[in-house]
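1. one predicted model, sequence on top.
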Amino acid sequence: MSEGIAQSEKPQNLKGGEPDLFSKFDPLIQMREGLLSTGQQDPYALVMEKVLSPTRAICNGRDTILLGTYNYMGMTFDPQVIEAGNQALRDYGTGTTGSRVLNGTYQGHKECEDALKDFYGMDHAMVFSTGYLANLGIISTIAGKGDYIILDIDSHASIYDGCKLGDAEIVPFKHNDIEAMEKRLKRVPEGAGKLVILEGVYSMLGDVAPLKEMVRIAKEHGAMVLVDEAHSMGFIGENGRGVVEAQGVMDDVDFIIGTFSKSVGTVGGFCVSNHPKFEIMRLVCRPYVFTASLPPSVVATAATSIRKLQVEGHNKRAHLWENSKRLHQGLKDLGFTIGTEEAESAIIAVIMPDLVQGAAMWEALLKEGLYVNLARPPATPANMTLLRCSLCAEHSDEEVGTILNMFEAAGKKTGII
Amino acid sequence: MDRADTDTRIRAQIEPFNKKGVDIKEETTFQGDLEFDSLTVMDFVAAIEDEFDIIISMNQQAEIETYGQLVDAVHKQRD
C-alpha cells in the first residue's frame, strides 16, 4: 500500500498537520490568514525595490515617501559616509570573519569606539554587532542570579531578553510611573544588587521618560542605572547625547546603550560608560565574545557618521523638530488620535481603532505613496494598533505637506477620520 | 499571620478584576478560568504587591498558575 493511500484514510486534519512544536503558532497563523484572505497586503512583507534617498524608495513600482525608518538624521546617503565605507571595503575587505576578542578587531573598530567616547564624553565605549546584542550582552552580564532588575514595563524586547538571559529577578513597573518604580526599589531585599533600566524615548508612542526624577531616585536607593537612548541620539540634548543630557543626568547614569541603525544610519550597537572596571566586559560578555564583529565598511561608515553628527548635527536638528511638531499638529487637526499630547521626539504614533482598520489604513497610505510602520500587540503597549511615523531631518517642508495630504486621503477612504 | 488571613486579603484584591464573578477556589487558574490578559495581570500583580508590600518578580509570576499557588507564594514572603 502506498503512503498516499494510507494518508487518505486518516481523518481530514491535513492542513495543520500532526501536532508538533509549531502547533503553538497556530493562533497567529490563523490570525494572519484571516487578515490576508480579505485581500489585505501583508504589512510585514514589503520589499523596497530601490532606495533613492533617506526619505524616498520605490515600493510596488511606486515612488514612496519613507516615514517609518528611524533614519532620523538622514545619514544613509551622506557622500562622506559612503566614501568612508567604500575606502574601508577596498582597504580591509568585506568582513572580519572573527570575534572582537580574537581576529575581529581592526583599526576601524577602535576608531569607531573613539568616536563614541568623544561624542558622549565618556571614558569607555564598546561596539556590538547590533543594538539588540548590546542590550542582551550588557544586561545579562552585569545582572545575574540573585540580582534585581527594576525596569519600565514598556521596555524593548532586547531589554527583556537580556534580563532573561542573565537570570536576574525581573521586576517591571508601570510605564513612566515614578512612584511605582520607587516602591519596587524600596522592596528589594537588603544587600541584593540592583539595576534600573530606562529608555530615553519609548519607541512605540514616542514619549520621553522623566529621567531627572527617576535617575535621582534610583541612585538614592543604591541602584546602577542603564538608559537605552536608541531613539534620541543626534537630536535630543545640547550635543545630541539623548534625553539623559536634555534632563541633566548624564553624570549619574552608569551605562548608555545606543545603536547605529537609527540616527547613525548603518547597523551595530554600543554601550558607553565611565565605570572604572568597564573594560573587563570585553572578556565576560558572551554576546560580544561569541559573535563575529561588524564588517570594516560598517564601522567606517559609523565612525564617520558619528563624527559628522557631533560637529554638524545641530544644523539638522532644528528642521527635524520642526517636521515632528508640524506632523503632530497636522494629524491632530485632521482628527487622528496621537500617542502623545505634544511632539516629544521624532516618533509620532497614530492610534488605530483595531488591527483590521490599522492594516487597511496602512495599505491605503502605501497606495497613496507613503510608508509607515504598522505596530501591533504584543510589541505595543495596552494592546494598541499603531501607525508609527518616524521623521527624518531630510524630509522637506513640501514632503511633510504631502504626507499630511496622504493621511487625509487615506483616512477618509478607510473611514478612520 | 496565618494563611487564611493572606487568603482573605488576596480575595478582596481579586474582586475588581473578577469581572465574570468566577467562584474562586484553590485550583482556579488566572489565565484559563479568570481570563486575565497581560494588562490585567500587570495591574493585579501591582495591587497584590502594594497590599502586602512585597515584590512578585516576573520569574515568580511564571511559576504561579492557580489561585492557591499565589496565596502560597505571598504567604511565604510574609513569614
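-> Yep, that arrived. Numbers count the residues shown, from 1 in each chain, chains lettered A, B, ... in the order given.
2. residues near A:Gly34, how many?
-> By other CB atoms under 10 Å in any protein chain shown, 11 other residues sit near A:Gly34. Where you see a C-beta, it was placed from the backbone N, CA and C, and this is true even at glycine.
3. what about chain A, any weak spots by pLDDT?
-> Where chain A drops to pLDDT under 70, the residues are A:1-16.
4. can you show me the helices along chain B?
-> Assigned by DSSP state H, chain B shows helices spanning B:3-14, B:38-52, B:58-63, B:67-78.
5. any idea of the angle the longest one forms with helix B:67-78?
-> Just to be clear, that refers to helix B:38-52. 40 degrees (axes from the mean of the first three to the mean of the last three CA atoms, to 10 degrees).
6. check whether helix B:38-52 contacts chain A.
-> Yes - counting by CB under 8 Å from any CB of the partner chain, contacts between helix B:38-52 and chain A involve B:Ser38, B:Leu39, B:Met42, B:Ala46, B:Glu49, B:Asp50.
7. packing partners of that helix?
-> Packed against helix B:38-52 by the contact rule (3 or more CB pairs under 8 Å, 6 or more residues apart in numbering or on different chains; DSSP states H and E) you find helix A:178-187, helix B:3-14, helix B:67-78.
8. out of those, which comes closest to A:Thr141?
-> Closest approach to A:Thr141 among the helices and strands packed on helix B:38-52 (CB to CB): helix A:178-187, 21.7 Å.
9. now the residue nearest to the spatial centre of chain B. Nearest residue, chain neighbours left out?
-> In chain B, the C-alpha nearest the mean C-alpha coordinate belongs to B:Leu70, at 4.8 Å (CA atoms, centre = their mean). Leaving aside its sequence neighbours, B:Leu70 sits nearest to B:Ile64 (CB to CB, 6 or more residues apart in numbering or on different chains; 5.1 Å).
10. so what's the one you found up against?
-> Listed by CB atoms under 8 Å, 6 or more residues apart in numbering or on different chains, the contact set of B:Ile64 reads B:Phe30, B:Ile56, B:Leu70, B:Ala73.
11. export the helices of chain B as TSV, with columns for mean pLDDT and distance to A:Trp362.
-> As requested, those are exported to TSV (pLDDT from 0 to 100; distance: least, CB to CB, whole Å):
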stretch	mean pLDDT	distance to A:Trp362
helix B:3-14	95	39
helix B:38-52	93	24
helix B:58-63	96	32
helix B:67-78	94	40
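12. distance to A:Ile149 for those helices - can I get that in TSV?
-> Below are these laid out as TSV (distance: least, CB to CB, whole Å):
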stretch	distance to A:Ile149
helix B:3-14	25
helix B:38-52	16
helix B:58-63	9
helix B:67-78	19
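13. after the helix of greatest length in chain A comes which helix or strand?
-> The longest helix of chain A (DSSP H) is helix A:296-334. Downstream of helix A:296-334, the first helix or strand assigned by DSSP states H and E is strand A:337-338.
14. can you give me the buried ones in the helix or strand containing A:Thr402?
-> Here A:Thr402, judged by DSSP H and E, is contained in helix A:397-414. By 16 or more other CB atoms under 10 Å in any protein chain shown, the buried positions in helix A:397-414 come out as A:Glu399, A:Val400, A:Thr402, A:Ile403, A:Leu404, A:Met406, A:Phe407, A:Glu408, A:Ala410, A:Gly411, A:Thr414.
15. neighbours of the residue nearest to A:Thr301 when sequence neighbours are not counted, just the number please.
-> Nearest residue to A:Thr301, sequence neighbours excluded (CB to CB, 6+ apart): A:Gly85, at 4.2 Å. A:Gly85 is flanked by 21 other residues according to other CB under 10 Å.
16. quick revisit: which of the residues of helix B:38-52 next to chain A are buried?
-> B:Met42, B:Ala46, B:Glu49.
17. so the last one touches B:Ile55, yeah?
-> Yes - under the criterion of CB atoms under 8 Å, B:Glu49 lies in contact with B:Ile55, with a separation of 6.3 Å.
18. shared neighbours of the two, anything?
-> A:Arg184, A:Arg187.
19. out of the residues of helix B:38-52 next to chain A, which one sits closest to A:Ala192?
-> Nearest member of the residues of helix B:38-52 next to chain A to A:Ala192, counting by CB to CB, is B:Glu49, at 16.3 Å.
20. relative to A:Ile159, how far out is A:Ala134?
-> Per CB to CB, to the nearest Å, A:Ala134 is found 10 Å from A:Ile159.
21. so between these two, which is more surrounded?
-> A:Ala134 (29 against 25).
22. can you report how many residues lie near residue 31?
-> Reading this off chain A. Other residues close to A:Met31 by other CB under 10 Å number 12.
23. the intended chain is chain B.
-> Using other CB under 10 Å, the number of residues around B:Gln31 comes to 13.
24. gap between the closest residue to it other than its chain neighbours and chain A?
-> Computed as CB to CB, 6+ apart, the closest residue to B:Gln31 that is not its neighbour in sequence is B:Glu65, at 7.1 Å. When distance is defined by CB to the nearest CB, to the nearest Å, B:Glu65 is 17 Å away from chain A.
25. sorry, back to before: max pairwise distance over the residues of helix B:38-52 next to chain A: which two?
-> B:Ser38 and B:Asp50 (19.0 Å).
26. residue contacts, A:Met214?
-> A:Ile178, A:Met181, A:Val196, A:Leu198.
27. identify the spatial nearest neighbour of the first one, chain neighbours not counted.
-> On the basis of CB to CB, 6+ apart, the spatially nearest residue to A:Ile178 that is not a chain neighbour turns out to be A:Glu213, at 5.1 Å.
28. over to the third one?
-> In space, A:Val196 comes closest to A:Ala218 once its chain neighbours are excluded; the distance is 4.0 Å by CB to CB, 6+ apart.
29. you'd agree the one you found is in a helix?
-> Yes - according to DSSP: H, G, I helix; E, B strand; the rest coil, the state of A:Ala218 is that of a helix.
30. correct me, but it touches A:Leu185?
-> Yes - if you go by CB under 8 Å, A:Ala218 and A:Leu185 touch, sitting 6.8 Å apart.
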